[in-house]
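Q: here you go, sequence then predicted model.
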Amino acid sequence: MRSPWPAPLLLTAVVVLLGVIATSGFARIESQINGSERCIQSDGLPDHATGQFPNSGNPNSIKPQSISVCITTTPERGTRAHPVPVTGIAENGVLIRPGTADYYDASSPRGHSRDRSSGWNLDGMGARDLLGLDDQNAHVGPDGLYHYHGVAPALAGTSDDTLIGWAADGFEIHYLGDAGRSSYMLLPGARETAPGGAHDGTYNEDWTYVPGAGNLDDCNGGMIDGQYVYVATDTYPFFPRCLYGTDITRIK
């Protein structure tokens, strides 16, 4: 079973040569409990192979980061869902950032830009080819940050432990395979404004939350052994886009 308290990790040159990581340098993560907080320091480099960056959908190169995140170890679930741009951090120190800043834009050569006026926000997984995601459901931001939009195969199913990370409000994030069922469904019919076409999941606005359609709430949360946790799912929203905790750390 994977330990939820990863020891300080420094990948050796031998591991890098075996292709665990496709970037220069070493992946490093340190995690410790300080009082009532779990503090994680990471360079943001994954402990697994990545796709080629830059690529046709993503012009950015992976660069080491200086990530320092402290989250509560005593989370409490409130009654209000809070939207967050960064869900949390994976066990390997890579940030979980499922949303995008890209919108449909017919005037852009790429068909999308950061102009919000269309109201159609690209979903990272739904527009994975347009945004250059790799086989680990991740890509790279303009600052060189490698981050996940969906659960990475390298994180899922590698042990009997379903824990894959922690949300910014301190609750655990688990991957349960088919046992975790999102309650979001595609809207029927066609989009009423440009870009037109069927609601196929390319955009976040293609989806609607239907209480009871699955076994998870609107933040992809549910109960495991009497404890509230978030669940990474194979379908939208893939990772929580909102959090119910009362103490949320703002992760950049």
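A: Noted; the coordinates are in hand.
Q: what about stretch 205-215, how long is it end to end?
A: 21 Å (C-alpha to C-alpha, to the nearest Å).
Q: what about residue 203, distance to residue 95?
A: In this structure, residue 203 and residue 95 are 23 Å apart, going by C-beta to C-beta, to the nearest Å. For glycine as for every other residue, the C-beta is placed from the backbone atoms N, C-alpha and C.
Q: enumerate every residue touching residue 134.
A: Applying C-beta atoms under 8 Å, 6 or more residues apart in numbering to residue 134 gives the contacts 50-53.
Q: how about the strands in the stretch 101-250 of the chain?
A: Taking DSSP state E, counting those that start in this stretch as the criterion, the stretch 101-250 of the chain contains strands spanning 103-104, 112-113, 138-140, 146-148, 163-167, 172-175, 184-186, 207-209, 221-224, 227-232, 242-245.
Q: and the closest residue to residue 115 other than its chain neighbours, what does it touch?
A: Leaving aside its chain neighbours, residue 115 sits nearest to residue 105 (5.2 Å; criterion: C-beta to C-beta, 6 or more residues apart in numbering). Neighbouring residues of residue 105 by C-beta under 8 Å, 6+ apart: 111-113, 115, 118.
Q: mind running it again at 6 Å?
A: Residue 105 makes contact with 112-113, 115 under the criterion C-beta atoms under 6 Å, 6 or more residues apart in numbering.
Q: show me which of those are buried.
A: Burial by neighbour count, 16 or more other C-beta atoms under 10 Å: within these this picks out 112-113.
Q: out of the contacts of residue 105, which comes closest to residue 234?
A: residue 112 (24.3 Å; C-beta to C-beta).
Q: how much space separates the closest one from residue 62?
A: In terms of C-beta to C-beta, residue 112 sits 22 Å off from residue 62.
Q: same question, residue 116
A: 27 Å.
Q: ok, these two, which is more surrounded?
A: residue 62 (24 against 13; other C-beta atoms under 10 Å).
Q: you'd agree the more buried one is up against residue 53?
A: Yes. Between residue 62 and residue 53 there is a contact under C-beta atoms under 6 Å: 5.5 Å.
Q: which residues do these two both contact?
A: Jointly contacting residue 62 and residue 53 under the rule C-beta under 6 Å, 6+ apart are residue 140.
Q: low-confidence ranges in the stretch 1-150 of the chain?
A: Scanning the stretch 1-150 of the chain for pLDDT under 70 picks out the ranges 1-27.
Q: what's around the nearest residue to residue 188 once chain neighbours are set aside, how many residues?
A: Distances taken as C-beta to C-beta, 6+ apart put residue 199 closest to residue 188, at 7.2 Å, once the chain neighbours are dropped. Residues lying near residue 199 (other C-beta under 10 Å) number 17.
Q: residues in contact with residue 83?
A: residue 242.
Q: 8 Å instead, please
A: Neighbour list for residue 83: 241-242 [criterion: C-beta under 8 Å, 6+ apart].
Q: got it, and residue 242?
A: For residue 242, the contact set (C-beta under 8 Å, 6+ apart) comprises 81-84, 218-219.
Q: who does it bridge with?
A: Beta-bridge pairing for residue 242 (DSSP bridges): residue 83.
Q: center of this protein, which residue is that?
A: Central residue of the chain (C-alpha atoms, centre = their mean): residue 96, 3.1 Å from the mean position.
Q: tell me what it is bridged to.
A: Beta-bridge partners, per DSSP bridges, of residue 96: residue 88, residue 148.
Q: need the helices for this structure, in chain order.
A: Under the criterion DSSP state H, the chain carries helices at the ranges 13-17, 128-131.
Q: near the nearest residue to residue 94 once chain neighbours are set aside, how many other residues are there?
A: Closest residue to residue 94 in three dimensions, ignoring its sequence neighbours and counting by C-beta to C-beta, 6+ apart: residue 46, at 5.1 Å. When neighbours are defined as other C-beta under 10 Å, residue 46 has 26 of them.
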